[in-house]
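Asker: attaching a predicted model along with its sequence, questions to come.
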Amino acid sequence: MGIASDALKNFKGFNLKNLPEVEPVSPGHRACQGCGEVLALRQAMKAVGTNAVVCSATGCMEIITSPWPQSAWRVPWIHVAFENAAAVVSGAEAAFKSMNRKKIINQPDVTFIAYGGDGATADIGMQALSGALERGHNFIYFCFDNEAYMNTGIQRSSSTPFGASTTTSPAGKNSSGQSTWKKNMAEIAVAHGAPYVATATPAFPIDLMNKVKKASMVPGPAYIHIYSPCPTGWRCGIEESIEVARLAVQSKVFPLYEVIDGEYYLSRKVAKPKPITDYFKIQRRFKHLTDSEVSYIQGRVDAQYEALLKKCVVEDKKKEKE
């Protein structure tokens, strides 16, 4: 047994009959219609509850929840720079630890959270996140991955998938869009030795909320990479966010798994995968791709999924009713 395994041995998860009613992120925020990211944020915070301190990197979720003089936050919330959410939450966690030790306060069970989009996580915030994971701070980091810098105009990030068209990787006569493959941040977190790492999506809310709850129970750093559809940047319908998120799992583009003390567990095996064309066809950011390019991407997706299966020591047999 490891750190996470010991903490989770008596874990009792959420189901459709015992979902928490608490709403740490209130209604009335200013997200775009159909935003999958704010839905994921809401689900994650419902699982954490109100005994939390949250550090937010600059980005969509900061902008839409905190237009002065209003706030959608019902828990202590700190807006920090684009690149240093993980550094600031490290300081907050260390300060609480010190004040508890000195008996200045008696709040030993606060959950510390940092979050950012893929730009704030995989690009300019990666240094701070790497340091926080390496030092072993007791916090959860959420990456709400909408696969580009959406807040500033749909610029590509290192999390933008190969072939996607953005304003800085536009498709054209001599370009097929993004020319590099998506950075695997979950694997990077695993490489740091984080005791709990997981992937999640708002299309499977029970799975997402249970993973967040587990992360809150594990001492030390936890990382959750959350697929967050953006109709504005992905050029899909505002009513299609959950369909896109579900297709990402069903087509093996975004597998759901968790890594507990270094051991991989598949959350949802895709026995009859849908072709990647089903996932692409409702997103206009991929409409320019040729048949050969789609075939090339399909091969890469298949190979990565098979590599993940080989790492998984246990397949989760519990099927959630969602």
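Answerer: The structure has been received and is ready for your questions. What you see is a predicted model, and the numbers here were worked out from it, not measured in a lab.
Asker: the stretch 201-322 of the chain: strands as residue ranges?
Answerer: 222-227, 257-260, 263-266, 312-315 (DSSP state E, counting those that start in this stretch).
Asker: these into CSV, with extra columns for mean pLDDT, distance to residue 24 and mean neighbour count?
Answerer: Placement of C-beta: from N, CA and C, glycine included. Below are the strands of the stretch 201-322 of the chain laid out as CSV (pLDDT from 0 to 100; distance: least, Cβ to Cβ, whole Å; neighbours: other Cβ atoms under 10 Å):
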stretch, mean pLDDT, distance to residue 24, mean neighbour count
strand 222-227, 98, 16, 26
strand 257-260, 98, 23, 22
strand 263-266, 97, 27, 16
strand 312-315, 70, 32, 12
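Asker: from residue 34, how far off is residue 236?
Answerer: Distance, residue 236 to residue 34, by Cβ to Cβ, to the nearest Å: 8 Å.
Asker: any common contacting residues for those two?
Answerer: Common neighbours of residue 236 and residue 34, using Cβ atoms under 8 Å, 6 or more residues apart in numbering, are residue 229.
Asker: about what we covered before: can you put the strands of the stretch 201-322 of the chain in JSON lines and add distance to residue 275?
Answerer: Formatted as JSON lines, these follow (distance: least, Cβ to Cβ, whole Å):
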{"stretch": "strand 222-227", "distance to residue 275": "19"}
{"stretch": "strand 257-260", "distance to residue 275": "21"}
{"stretch": "strand 263-266", "distance to residue 275": "21"}
{"stretch": "strand 312-315", "distance to residue 275": "23"}
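Asker: of all those, which one is nearest residue 277?
Answerer: strand 222-227 (18.8 Å; Cβ to Cβ).
Asker: out of the strands of the stretch 201-322 of the chain, flag the one nearest residue 3.
Answerer: strand 257-260 (9.4 Å).
Asker: quick one, helices of the stretch 51-200 of the chain?
Answerer: 60-65, 85-101, 118, 126-135, 185-191 (DSSP state H, counting those that start in this stretch).
Asker: mean pLDDT, mean neighbour count and distance to residue 241 added to these, as TSV?
Answerer: As requested, those are exported to TSV (pLDDT from 0 to 100; neighbours: other Cβ atoms under 10 Å; distance: least, Cβ to Cβ, whole Å):
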stretch	mean pLDDT	mean neighbour count	distance to residue 241
helix 60-65	96	21	14
helix 85-101	98	19	24
helix 118	98	26	16
helix 126-135	98	19	26
helix 185-191	98	19	21
